[in-house]
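>>> Here is my input, please return the structure:
(one chain, ligands or ions: 1)
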Amino acid sequence: MRVIAHGGAGGRPDEPAPRQATLDEATRRGVDADTPLGAVEAALGVLESDPRFNAGVGGAVQSDGVVRTDAGVMTSDREVGAACSMPGVEHAASVARVVHSETPHVFVSGEHAVDLAGEFGIETGVDLLTDEKRERYEAEDPPQGGPRAHLDWLATRFGSGDDQAGGGADCGEPEEAGGDAPDHDTVGAVATDGETFAAATSTGGRSFALAGRVGDVPQVGSGFFCTEAGGASATGAGEDIARVTLSRRAVDHLDDGLSAQEAADRAIGEFEEITGSGAGVIVLGDEDAGSAFNTEGMQTSAAER
Ligand SMILES: NC(=O)C[C@H](N)C(=O)O
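Numbers count the residues shown, from 1 in each chain. Reported below is the predicted structural model:
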């Protein structure tokens, strides 16, 4: 089994070492799995439990003060499972796997996704909001009223948390725009047993987004994609990633015969040219693994067994 994982594209983290240790533990856990699907779920399970990453516990807070998780998974037979907008669900990637393997659907959302999780033995009702995130939200004079009031409130705040790729500026800032170093971010993994592939991504989204906002992560082709040629997982400014279906782009380049590194480089180059925004992607192919980002940093880990 070969597994690669990322811990989000953004600024340089203040404390990269503990994040790297968790990423390395995640890929170690992944290579022990029996299947690529099991490998990406196991790897993301480790990352979702570490509040240093913006997935599961420690996920970004939406405008109503709630953390909602999203995830998606795809295998090289083109089976897809995604789940989104789940309060209290730490292991969003496991819910995506349930949608992939136990339902005839590709995407389940909100309270029904939470119910599905509970039915399949995935813990729900988890407190995902860390003290640090709660304090930061409360310091921002939380909005009252309906969606319009929330939109007014978030106009100057969306994406401004340091849990975002791109740090204090916004996760949409390319490298030259700078931004404070964040230490939390979206997570993703791609695995192969030499015959088949799986790709998965999991997130809490972007901080101070409208309650109910869903980004690229659980959208097939945007946050994740996988074919017989290989798989990809993306991170960064989710609205922009969705506009260019970044993961699909990267895997298309693999399909066209590029190496994983060339595919990652080309996809990020195209992303930046089209959107002027910030993102990262990991790619795993038959021969090699690759990663590229146009933000200040993106930590990755790879393991093989
Ligand atoms: N930091 C991230 O990668 C956020 C994620 N792409 C989202 O927009 O939900």
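>>> and Gly56, helix, strand or coil?
Assigned by DSSP: H, G, I helix; E, B strand; the rest coil, the conformation of Gly56 is coil.
>>> Could you tell me whether Gly8 really is in a strand?
Yes. Judged by three-state DSSP, Gly8 forms part of a strand.
>>> surely it meets Asp185?
Yes. Applying C-beta atoms under 8 Å, one finds Gly8 in contact with Asp185, separated by 2.0 Å. Any C-beta I mention is one placed from the backbone N, CA and C, and that applies to glycine too.
>>> List the buried residues for stretch 131-138?
In terms of neighbour count (16 or more other C-beta atoms under 10 Å), stretch 131-138 has its buried residues at 133, 136-137.
>>> Where does the prediction get shaky in the stretch 151-300 of the chain?
Residue ranges of the stretch 151-300 of the chain with pLDDT under 70: 160-184.
>>> any chance you could map the helices in it?
Assigned by DSSP state H, counting those that start in this stretch, the stretch 151-300 of the chain shows helices spanning 238-244, 246-255, 260-275.
>>> Out of the ones you listed, which is closest to the ligand?
Judged by C-beta to the nearest ligand atom, the one of those that comes nearest to the ligand is helix 238-244, at 2.0 Å.
>>> In the stretch 51-200 of the chain, what residue lies closest to the ligand?
The minimum distance from the stretch 51-200 of the chain to the ligand, using C-beta to the nearest ligand atom, falls at Thr186 (3.2 Å).
>>> and that residue, what is it in contact with?
8, 53-55, 165, 201-204, 217, 235-236 (C-beta atoms under 8 Å, 6 or more residues apart in numbering).
>>> and what of Pro143?
Applying C-beta under 8 Å, 6+ apart to Pro143 gives the contacts 63-64, 149-150, 152-154.
>>> Could you do Leu258 as well?
Neighbours of Leu258 in contact, by C-beta under 8 Å, 6+ apart: Arg266.
>>> List just the nearest of the contacts of Thr186 to Ser291.
When those are ranked by distance to Ser291 (C-beta to C-beta), Thr235 comes first, at 10.3 Å.
>>> doesn't Ala279 make contact with the closest one?
Yes. Using C-beta under 8 Å, Thr235 is in contact with Ala279, at 6.5 Å.
>>> ok, which stretches of this protein are strands?
Assignment of strands within the chain using DSSP state E yields the ranges 2-10, 68-75, 80-87, 107-109, 187-192, 197-203, 224-227, 230-236, 279-285, 289-293, 297-304.
>>> quick one, which of these is nearest to Gly257?
Among the strands of the chain, strand 279-285 comes nearest to Gly257, with 9.9 Å by C-beta to C-beta.
>>> Identify the neighbouring strands of that closest one in the sheet and state each direction.
strand 230-236 (antiparallel), strand 289-293 (antiparallel) (DSSP bridges).
>>> Just name the most buried of those strands.
Mean neighbours per residue, mean count of other C-beta atoms under 10 Å, is largest over these for strand 230-236, with a mean of 34.
>>> and that one, how far from the chain's centre?
8 Å (C-alpha atoms, centre = their mean, to the nearest Å).
>>> Tell me the residues of the chain that contact the ligand?
Applying C-beta under 6 Å from any ligand atom, we find that the chain lies next to the ligand at 8, 54, 164-165, 171, 185-186, 203, 205-206, 215-217, 235-236, 238, 241.
>>> and with 5 Å instead?
Residues of the chain lying near the ligand by C-beta under 5 Å from any ligand atom: 165, 171, 185-186, 203, 205-206, 215, 235, 238.
>>> From these, pick the one nearest Thr300.
Of all these, Thr300 sits closest to Thr235, with 10.5 Å by C-beta to C-beta.
>>> Could you export the helices of the stretch 151-300 of the chain as a markdown table, including mean neighbour count?
Shown next, in a markdown table, are the helices of the stretch 151-300 of the chain (neighbours: other C-beta atoms under 10 Å):
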| stretch | mean neighbour count |
| --- | --- |
| helix 238-244 | 23 |
| helix 246-255 | 26 |
| helix 260-275 | 20 |
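>>> Nearest to Phe107, out of those helices?
Nearest of the helices of the stretch 151-300 of the chain to Phe107, taken as C-beta to C-beta: helix 238-244 at 13.5 Å.
>>> residue with max distance from the center of the protein?
Distance to the chain centre peaks in the chain at Gly145, reaching 30.0 Å (criterion: C-alpha atoms, centre = their mean).
>>> can you pull the contacts of it?
Taking C-beta under 8 Å, 6+ apart, we find Gly145 in contact with no residue.
>>> do you know how far it is from Leu151?
Separation of Gly145 from Leu151 (C-beta to C-beta, to the nearest Å): 10 Å.
>>> Fine by me, we can end here.
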